[in-house]
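Visitor: build the 3D model from these lines:
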Amino acid sequence: MTSTYTVTGTGTYTGTGVNAGTYTSTNTGTGMTPAARTYSPPAPQTQTQTQTQTETQIQTHTHTNTAAPAAALPVVLAGARGHGRRHLENIRRLQDRGAVRLAGICELTPLAPDEIPDGLGTPEQSADLGALLDSTGARIAVICTPIPTHTDLALTAARRGVHLLLEKPPAPSYAEFRRMADGVAKAGVGCQIGFQSLGSHALPAIRELIAQGAIGAVAGIGGAGAWARAEAYYRRAAWAGRRRLDAVDVVDGVLTNPLAHAVATALALGGSPRAEDVTGIETELLRANDIESDDTSCVRVTTARGRRITVAATLCAEQPGEPYVVVHGSHGRITFWYKQDRVLLQRADHGPQEYEYGRTDLLENLVAHVTDGSALLVPPAATGAFMKVVEAIRLAPDPAALPAGAWCPVPEEGRRIVPGVEELVAAAADTLALYSELGAPWALTPADPEEVSTR
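Guide: The predicted structure follows:
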């Protein structure tokens with residue numbers, strides 16, 4: 001199955017994909033696009049006054065509470081190196097506003113003074129999270145530690161009445177996720193799961209467009225992520241690229257960790273974020289790198305609404321691009337580049353409309369929840385469907401190694417690429433087909449995808 005789009009001189013393009021049809025559009029700029037197309041979606045642009053007014057009309061999000069609380073909330077960060085450095089910078093931003101105060105850092109090896117950003121002082125440090133929470137009187141714990149540690153550390157905080165920002169994926173299995181979510185609920189504390197894309201103001205705007213019938217009946221949701229990671233990425237930690245470590249689940253694959261946002265965002269836009277919304281899951285898990293887990297995979301979710309949601313991803317792209325989610329309708333489509341908070345609306349008898357949105361920071365939203373009861377944007381229940389996908393990947397056979405001819409090394413960059421995989425990833429998002437159904441010579445045959453029923 002292929003997907004071909006052709007731009008004519010009049011600005012009209014015709015397409016065959018989830019929905020064949022003719023849409024009027026003018027396409028300029030660059031960006032990652034669906035496969036085999038001769039056009040590229042517009043690059044980010046400054047909004048005109050009209051666009052800004054349109055955004056205001058269609059947005060229904062809860063605005064960020066910018067008022068600082070009466071007293072800065074003490075925060076402990078568990079896992080301050082690697083991705084945790086971003087949390088340090090964000091805590092500093094909120095500390096500068098008087099919203100929080102970095103009270104402690106939990107690391108196996110204490111941070112040196114030059115590892116702590118200026119302005120954060122000398123927070124207490126300990127390898128014992130429970131003791132650190134007790135000694136600092138923390139109100140919030142940010143947990144950015146290896147995946148298998150998430151549940152136990154989250155419950156350590158919850159039992160002390162400490163609210164949580166828990167990095168994604170929240171757990172390596174559905175059983176561990178339920179143990180965490182049930183424990184947090186029993187403790188009566190707030191828990192925010194760190195899917196930052198779900199704080200984008202574009203999500204309620206897209207939902208409103210769908211509700212208004214802007215693209216007709218929704219036929220399905222596609223997601224595409226084509227990134228590149230050096231082989232050193234899998235050597236950064238003992239758990240990196242592993243499915244299990246010392247008989248403990250890790251499930252560090254392309255769809256469950258680096259491009260997990262594509263899966264979670266697609267499920268959210270499909271109106272199926274909860275565990276009970278999922279009725280079936282098909283997976284195709286492959287790897288070009290010498291790892292245990294997958295780096296080039298796709299998944300197709302069937303929902304209780306009868307919709308198909310297909311997400312394809314790779315860490316072996318020759319030319320990496322911005323990941324996106326696309327909502328296919330009977331009369332058009334909405335593409336959402338979720339890292340950029342950028343939306344492109346294309347529909348019959350209209351020119352393209354592009355919007356850029358802000359987003360609510362998830363730690364900031366958690367602070368508002370603690371101080372004034374604001375609703376959490378990403379509570380555990382809103383990631384239940386994602387965790388069903390994690391569970392399906394965990395239970396699937398180990399990823400198949402791509403044949404030697406399907407990938408090639410890039411010695412100067414220390415990484416492996418799969419030629420043509422970017423186009424395949426985009427075609428999967430465009431047609432909602434799996435790699436094998438698209439005719440990839442190295443993919444599994446159509447009879448082979450691992451299918452898991454969640455009923």
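Visitor: all strands for the stretch 201-350 of the chain, in order.
Guide: 218-226, 244-245, 248-249, 278-287, 296-303, 308-314, 324-329, 332-337, 342-347 (DSSP state E, counting those that start in this stretch).
Visitor: now render those as a markdown table, adding mean neighbour count, mean pLDDT and distance to Ala429.
Guide: For every residue, glycine as well, the C-beta is placed using N, CA and C. Formatted as a markdown table, the strands of the stretch 201-350 of the chain follow (neighbours: other CB atoms under 10 Å; pLDDT from 0 to 100; distance: least, CB to CB, whole Å):
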| stretch | mean neighbour count | mean pLDDT | distance to Ala429 |
| --- | --- | --- | --- |
| strand 218-226 | 26 | 98 | 3 |
| strand 244-245 | 18 | 97 | 30 |
| strand 248-249 | 17 | 98 | 28 |
| strand 278-287 | 23 | 98 | 14 |
| strand 296-303 | 26 | 98 | 9 |
| strand 308-314 | 28 | 98 | 6 |
| strand 324-329 | 26 | 98 | 6 |
| strand 332-337 | 24 | 98 | 9 |
| strand 342-347 | 23 | 98 | 14 |
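Visitor: let me have those in JSON lines, extended by distance to Gly194.
Guide: Shown next, in JSON lines, are these (distance: least, CB to CB, whole Å):
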{"stretch": "strand 218-226", "distance to Gly194": "17"}
{"stretch": "strand 244-245", "distance to Gly194": "21"}
{"stretch": "strand 248-249", "distance to Gly194": "19"}
{"stretch": "strand 278-287", "distance to Gly194": "21"}
{"stretch": "strand 296-303", "distance to Gly194": "20"}
{"stretch": "strand 308-314", "distance to Gly194": "18"}
{"stretch": "strand 324-329", "distance to Gly194": "18"}
{"stretch": "strand 332-337", "distance to Gly194": "19"}
{"stretch": "strand 342-347", "distance to Gly194": "21"}
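Visitor: nearest to Thr265, out of those?
Guide: strand 324-329 (5.0 Å; CB to CB).
Visitor: counting contacts, what elements does the closest one pack onto?
Guide: helix 202-211, strand 218-226, helix 260-269, strand 332-337, helix 421-431 (3 or more CB pairs under 8 Å, 6 or more residues apart in numbering; DSSP states H and E).
Visitor: next one: that strand to chain centre, how far?
Guide: 15 Å (CA atoms, centre = their mean, to the nearest Å).
Visitor: can you list the strands that it pairs with?
Guide: Paired neighbours of strand 324-329 in the sheet (DSSP bridges): strand 218-226 (antiparallel), strand 332-337 (antiparallel).
Visitor: just put those strands in TSV and tack on distance to Arg242.
Guide: Shown next, in TSV, are these (distance: least, CB to CB, whole Å):
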stretch	distance to Arg242
strand 218-226	20
strand 332-337	30
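Visitor: quick one: the most centrally placed residue in the chain from Tyr338, how far?
Guide: Taking CA atoms, centre = their mean as the criterion, His261 is the residue nearest the geometric centre of the chain, at 0.5 Å. His261 sits 6 Å away from Tyr338, going by CB to CB, to the nearest Å.
Visitor: would you mind grabbing the residues shared as contacts by those two?
Guide: Ser197, Pro323 (CB atoms under 8 Å, 6 or more residues apart in numbering).
Visitor: in what helix or strand does Tyr355 lie?
Guide: strand 353-356 (DSSP states H and E).
Visitor: so what does that strand touch, helix or strand wise?
Guide: helix 49-58, strand 342-347.
Visitor: now the helices for the stretch 101-250 of the chain?
Guide: 129-136, 150-158, 174-187, 202-211 (DSSP state H, counting those that start in this stretch).
Visitor: return the most buried member of those.
Guide: helix 150-158 (a mean of 23; mean count of other CB atoms under 10 Å).
Visitor: and the angle from that one to helix 174-187?
Guide: 10 degrees (axes from the mean of the first three to the mean of the last three CA atoms, to 10 degrees).
Visitor: residues contacting helix 150-158, please?
Guide: 78, 129-130, 133, 141, 143, 145, 163-164, 166-167, 169-172, 176-177, 179-180, 183-184, 186-187, 189, 191.
Visitor: and that helix, how far out from the chain's middle?
Guide: The mean C-alpha position of helix 150-158 is separated from the chain mean by 22 Å, CA atoms, centre = their mean.
Visitor: can I get it in CSV, CA atoms only?
Guide: Provided in CSV are the C-alpha atoms of helix 150-158 (Å, rounded to 0.1, in the frame of the first residue of the first chain):
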residue,chain,number,x,y,z
HIS,A,150,9.1,4.5,39.2
THR,A,151,6.4,2.6,41.1
ASP,A,152,8.3,2.0,44.3
LEU,A,153,9.6,5.6,44.5
ALA,A,154,6.2,7.0,43.7
LEU,A,155,4.6,5.0,46.5
THR,A,156,7.4,6.1,48.9
ALA,A,157,6.4,9.7,48.3
ALA,A,158,2.6,9.0,48.3
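Visitor: that older thread, so for Asp398, which of the strands of the stretch 201-350 of the chain sits nearest?
Guide: strand 278-287 (7.8 Å).
Visitor: adjacent strands (with direction) for the closest one?
Guide: When DSSP bridges is applied, strand 278-287 pairs with strand 296-303 (antiparallel), strand 400-401 (parallel), strand 450-453 (antiparallel).
Visitor: can I get those in CSV with distance to Arg416?
Guide: Listed next are the strands paired with strand 278-287 as CSV, based on distance: least, CB to CB, whole Å:
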stretch, distance to Arg416
strand 296-303, 10
strand 400-401, 11
strand 450-453, 24
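Visitor: any idea which of the strands paired with strand 324-329 gets closest to Pro403?
Guide: strand 218-226 (20.2 Å).
Visitor: relative orientation of that closest one and strand 308-314 in degrees?
Guide: 10 degrees.
Visitor: ok now strand 218-226, how far from the chain's centre?
Guide: Centre to centre, stretch against its chain (CA atoms, centre = their mean), the figure for strand 218-226 is 13 Å.
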